[in-house]
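# This is a predicted model, with the sequence first.
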Amino acid sequence: MLKRSSKTQPKLKSKSKSKQRRSLPKPLQKLARPFLRLKAYIQKKRAARLRLHRSFRRSYREDYTRVLTVPGPLYHAMDSLRLLFKNWKLFLPLILFAVGFNIILVGLMSEDTYVKFQTVLEETNQQVASGTPIGNFAKASLLLVSTVTSGGLSSGLSGVQIIFAVISFLLIWLITIYLLRFRLAGKPVRLRDGFYNALTPLLSTFVVFFVGFLECIPLFVVIFTYSTAVQTDFLTTPFYALIYFLFAVALLLLSFYLLSSTLVALVAVSAPGVYPLVALRTASNLMLSRRLRFITRLICLVFTIAAIWVIVMLPLIALDLFLKSHFSWLSGFPFIPFCLVFMTCFSFTYFTAYLYLYYRRILNSEDNR
């Protein structure tokens, strides 16, 4: 059989297009042109986006498996910590500035609150049934746990203080990413450059942060409903407790699923000229089929930060107990509250460096594909 020549095929296509155009009257064709252009533009944008899963269609594993060549969670955590200590001349003044900013505008934990914890612990120590007093190390451990879990770092803050705290952490976020971007590129940078140049995308970062706040609403619902259920003895019935557990797990999974890409979007929006919606869309594409691995890394990061707090704060609390037991004139000096604010600012800086390095490695993995 004879095959159609390539010259005749475009003519057939042009005829079919002409027939399609002739199917509508000329006035309607002119009116439909903007809508057809808009439809073509939307289809082009959708084709450019990575859509691995579609509703009511089976997704095969070989279609959505994405290669990600990044180091392990422990190595990544140590590498982020190593990067901060290697550039301590940049990040130590930044952390001290954040500490001063928080002390002036937000405030320290009250020394009276810390003294109350210590007094209660001493009374408990005297009432130990075995009669064996606990040591300073155990006292320091209990004081650290009671101070952190009781909300001693943020208890009693007003609305204005919360706003100042959010602004200070956003400043640390943007300046840390700016300094890391130049350091990893091998370019010289100073801390003042970060203060003058890193705050340009502050409004865009705040928009993405607000989106993340909205995505935390399921988490807030779980917290509110749990406190209400405890007060009303709703969880005493096993069946109701099981129903609430399934309800809470579903909401927590939804919140973590949404926040996994928004945290990456907070890093992406810090680049110059990136709009909030573009950053959210880019982060969503980068995190497709990678959210579970990212959440496991965040859990590893939480355990790493907890280990750092234990290693640093326990000797400091033990030293504070020893000095104040021998020198009464040091009883009013807020040494531990200052250390708590310092460790909070350091932990947030470390968290920012951890996420930025992970974001850079995802981009490098995408470029090498």
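Sure thing, it's come through.

# which regions of the chain sit below the pLDDT cut-off?
1-27, 45-67, 108-158, 332, 366-369 (pLDDT under 70).

# the longest helix in it is where?
Counting by DSSP state H, the longest helix found in the chain is helix 291-326.

# residue closest to the middle of this protein?
Leu263 (4.2 Å; Cα atoms, centre = their mean).

# now that one: how far from Val230?
30 Å (Cβ to Cβ, to the nearest Å). The way it works is simple: take the backbone N, C-alpha and C, and place the C-beta from them, glycine included.

# cool, Ala77 as well?
Going from Ala77 to Val230 by Cβ to Cβ gives 35 Å.

# can you check Phe195 too?
45 Å.

# For the two, indicate the residue with more neighbours.
Phe195 (15 against 11; other Cβ atoms under 10 Å).

# returning to what we had before: for the residue nearest to the centre of the chain, which non-adjacent residue is spatially closest?
Leu355 (6.1 Å; Cβ to Cβ, 6 or more residues apart in numbering).

# so what's that neighbour up against?
By Cβ atoms under 8 Å, 6 or more residues apart in numbering, the contact list for Leu355 reads Leu263, Val264, Leu266, Val267.

# again, but for Ile95
Per Cβ under 8 Å, 6+ apart, neighbours of Ile95: Phe342, Cys345, Phe346, Thr349.

# What about those, which are in helices?
Phe342, Cys345, Phe346, Thr349.

# ok, the third one - contacts?
For Phe346, the contact set (Cβ under 8 Å, 6+ apart) comprises Ile95.

# separation between it and Met313?
Counting by Cβ to Cβ, the gap from Phe346 to Met313 is 11 Å.

# Same question for the first one.
As defined by Cβ to Cβ, Phe342 lies at a distance of 10 Å from Met313.

# And for Ile103?
For Ile103 relative to Met313 (Cβ to Cβ), the value is 18 Å.

# So for the two, which sits in the more crowded spot?
More crowded of Ile103 and Met313, by other Cβ under 10 Å: Met313, with 20 against 15.

# Quick check: closest non-adjacent residue to Pro71.
Asp79 (6.8 Å).

# what does Phe169 give?
Nearest to Phe169 is Phe348, by Cβ to Cβ, 6+ apart, at 5.8 Å.

# Quick check, Pro73 in contact with Thr296.
Yes. Contact criterion Cβ atoms under 8 Å: Pro73 and Thr296 qualify, at 6.7 Å.

# Neighbour count: the two, which is higher?
Neighbour count, other Cβ under 10 Å: between Pro73 and Thr296, Pro73 has more, with 19 against 11.

# how about Leu170, phi and psi?
Dihedral pair for Leu170: phi -70, psi -40, per degrees, to the nearest 10.
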